[in-house]
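Asks: need a structure here:
(chains A and B)
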Amino acid sequence: MTGDVLAFWGLALLLVGSALAVVLSKNLFHAVLWLALALTGTAGVFLLLEAEFLAAIQLLLYAGGIVTIVVFAIVVTERLVGERISQTSRRIAGGAVVAAALLGLIVSAIVERPLAPAEPSIGADLTRTIGELVQTRFVLPFELLAVLMLAALMGAVYFARPDD
Amino acid sequence: MDLRFLVQLAIIGLTFFMLINASALLVYAERKVMGFMQQRYGPYRVGPHGLLQPLADILKLLMKEELRPKGADRWLFTLAPMLAITAAFAAFATVPWGAETTLFGLLDQPVKLGAADLNVGVLVVFAITSMGVYGIVLAGWSSNSKYSLFGGLRASAQMISYELSYATALSAVILLAGSLSIREVVDGQAGYWLGVVPRWFVFLQPVGFLIYVIAGVAETNRAPFDFPEAEQELVAGYNTEYSSVRFALFPQAEYINMTTMAAVATDLYLGGWHGPFLPAEYGWIWFLLKVGAILFTYIWVRWTVPRYRYDQLMQFGWKWLFPASVVNLVVTAALVLYFHA
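Replies: All right, here's what the predicted structure looks like:
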């Protein structure tokens, strides 16, 4: 139990610290790397909850895929085009209001419905269960997401197309 | 502390110790095989048949001065090689290399040969290899040098492109085995068809195996896809500005990545530690032989096929390899559905 608690607080510190660093560091490249660390920390939280599948997918998609592409984009614009981009947090007041509202929403949700102290039993293999649910009960949202992704892909191709 | 726990710790230690040795041996093997292919001896002076050459190389690199370019990003420049080597080692963590064994009756319950056994092992290997690109991109970005930058850019573009085909090829094997655990995939390949042909997935997935091996070469940045360090164009690519230990970590990570790639191919396509003649206790010998054969092929290809052009690499990856892997996956899914239902 103590090991779990220690790991949780370690991860919590890492997550909050790296998330703060994402918004506070001036250098855009550093900010993206902090974001990668924050996403890896989230995978750690999943691992702590014994959701290995989610942890692996989190690493694979976010830290390994999406952030790599963002890094790529920044390197191309900043070093090749020579445009220096630095992060300036201007609308602090508006941001603070939104952040406070979100925090209030999450806290009220937790207060309203306290999380069960015991871990829910899934019984079968977790990965298999997720796969079956995605193919049966949640098949419509799953397919809609696929359509959304396709639309995003086509949009990217449209923007990247050379003018003729 | 019971004996089983200690043995498990020893196995983890042994796994990573062997991995370090594999990278040193591969440097030697690479130079030796290259030598034979070019009708010369290769390293011959240090130790019998030049066997101690890797040690001499390491000593030489350790003695060198560590340089850092003036405009380099201080932290990232140091972090990059560490990330590269950490990702390389961590990727091997869920790769099993032998059957369960009691160490000839020493233990009551059998232990598994391999550092860790997760039920989503295949995904973990993917996830961590996909983190390996950070080391290279950071090295390219932080060096403040145009050659490094282009090397890093090429590496990230290449690795993102080929990761897709690589993952799709492996998905077909996962479909066949019905499991994400590497150990279960290996055990699904035990036995023989008609009493002679081993039940290896390479016979069911010849196209998938080919795609995996090709994408693996691109993923580890080896010739003929070694664009991130194309010497004739980019001096040494992403590691141009590195020296001493920091430099040494990059090739070491590359060789370890090669070993991981070959070990995963052995486990998922070539039946892992299953093979004729040897009892299950000695299955790891088969595993080592198969990994060695794949690694030899890697070296063989490197010194036979010249480097492609960069646009050819992208064309090939996106217009041929990726569609082929998708078709392979769809056909496999249909066949699995047909024969299992």
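
Asks: how many other residues sit next to residue 95?
Replies: Picking chain A for this. Here the number of neighbours of residue A:95 (other CB atoms under 10 Å in any protein chain shown) works out to 12. Bear in mind the C-beta positions are built from the backbone N, C-alpha and C, glycine included.

Asks: wait, I meant chain B there
Replies: When neighbours are counted by other CB under 10 Å, residue B:95 comes out with 25.

Asks: before we move on, what about residue B:68?
Replies: Counted with other CB under 10 Å, residues neighbouring residue B:68 total 17.

Asks: Report the closest residue of the stretch 51-200 of chain B relative to chain A.
Replies: Using CB to the nearest CB, the single residue of the stretch 51-200 of chain B nearest to chain A is residue B:130, 3.0 Å away.

Asks: give the contact list for that residue.
Replies: Residues in contact with residue B:130, defined by CB atoms under 8 Å, 6 or more residues apart in numbering or on different chains, are A:59, A:60, A:63, A:64, A:65, A:68, B:159, B:163.

Asks: out of everything not next to it in sequence, what's closest to residue B:248?
Replies: residue B:61 (4.4 Å; CB to CB, 6 or more residues apart in numbering or on different chains).

Asks: For the one you found, what is the enclosing helix or strand?
Replies: helix B:53-63 (DSSP states H and E).

Asks: roughly how far is that helix from the heart of the chain?
Replies: 23 Å (CA atoms, centre = their mean, to the nearest Å).

Asks: After it, which helix or strand is next?
Replies: Per DSSP H and E, helix B:53-63 leads on to helix B:74-91 as the next helix or strand towards the C-terminus.

Asks: for that following helix, packing partners?
Replies: helix B:121-142, helix B:244-268 (3 or more CB pairs under 8 Å, 6 or more residues apart in numbering or on different chains; DSSP states H and E).

Asks: mean confidence for the last one?
Replies: When pLDDT is averaged along helix B:244-268, the result is 86.

Asks: then the very next helix or strand once past it to CSV, C-alphas only?
Replies: Using DSSP H and E, the next helix or strand after helix B:244-268 towards the C-terminus is helix B:283-302. Output of helix B:283-302 as CSV, limited to C-alpha atoms (Å, rounded to 0.1, in the frame of the first residue of the first chain):
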residue,chain,number,x,y,z
GLY,B,283,15.2,-23.3,-25.9
TRP,B,284,17.1,-20.1,-25.4
ILE,B,285,19.9,-21.5,-27.6
TRP,B,286,17.4,-21.6,-30.5
PHE,B,287,16.4,-18.1,-29.6
LEU,B,288,20.0,-16.8,-29.7
LEU,B,289,20.6,-18.6,-33.0
LYS,B,290,17.5,-17.1,-34.7
VAL,B,291,18.3,-13.6,-33.4
GLY,B,292,21.9,-14.0,-34.6
ALA,B,293,20.7,-15.1,-38.1
ILE,B,294,18.4,-12.0,-38.4
LEU,B,295,21.2,-9.7,-37.2
PHE,B,296,23.6,-11.2,-39.7
THR,B,297,21.0,-10.5,-42.4
TYR,B,298,20.9,-6.9,-41.3
ILE,B,299,24.6,-6.5,-41.6
TRP,B,300,24.7,-8.4,-44.9
VAL,B,301,22.0,-6.0,-46.3
ARG,B,302,23.9,-3.0,-45.1
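
Asks: Show me what counts as buried in helix B:283-302.
Replies: Residues B:283-284, B:286-288, B:290-291, B:294-295, B:298-299, B:301-302 are the ones in helix B:283-302 that count as buried (16 or more other CB atoms under 10 Å in any protein chain shown).

Asks: quick one, it and helix B:244-268 angle?
Replies: Counting by axes from the mean of the first three to the mean of the last three CA atoms, to 10 degrees, helix B:283-302 lies at 120 degrees to helix B:244-268.

Asks: helices or strands next to helix B:283-302 in the packing?
Replies: For helix B:283-302, the packing partners by 3+ CB pairs under 8 Å, 6+ apart are helix B:3-37, strand B:96-101, helix B:206-219, helix B:244-268.

Asks: For the residue of chain A found nearest chain B, which residues are in contact?
Replies: The nearest approach of chain A to chain B comes at residue A:64, 3.0 Å away (CB to the nearest CB). Residues in contact with residue A:64 (CB under 8 Å, 6+ apart) are B:126, B:127, B:130, B:131, B:133, B:163.

Asks: Just the pLDDT at the closest residue to it other than its chain neighbours, thanks.
Replies: Using CB to CB, 6+ apart and skipping the chain neighbours, the partner closest in space to residue A:64 is residue B:130 (3.0 Å). Per-residue pLDDT puts residue B:130 at 81.
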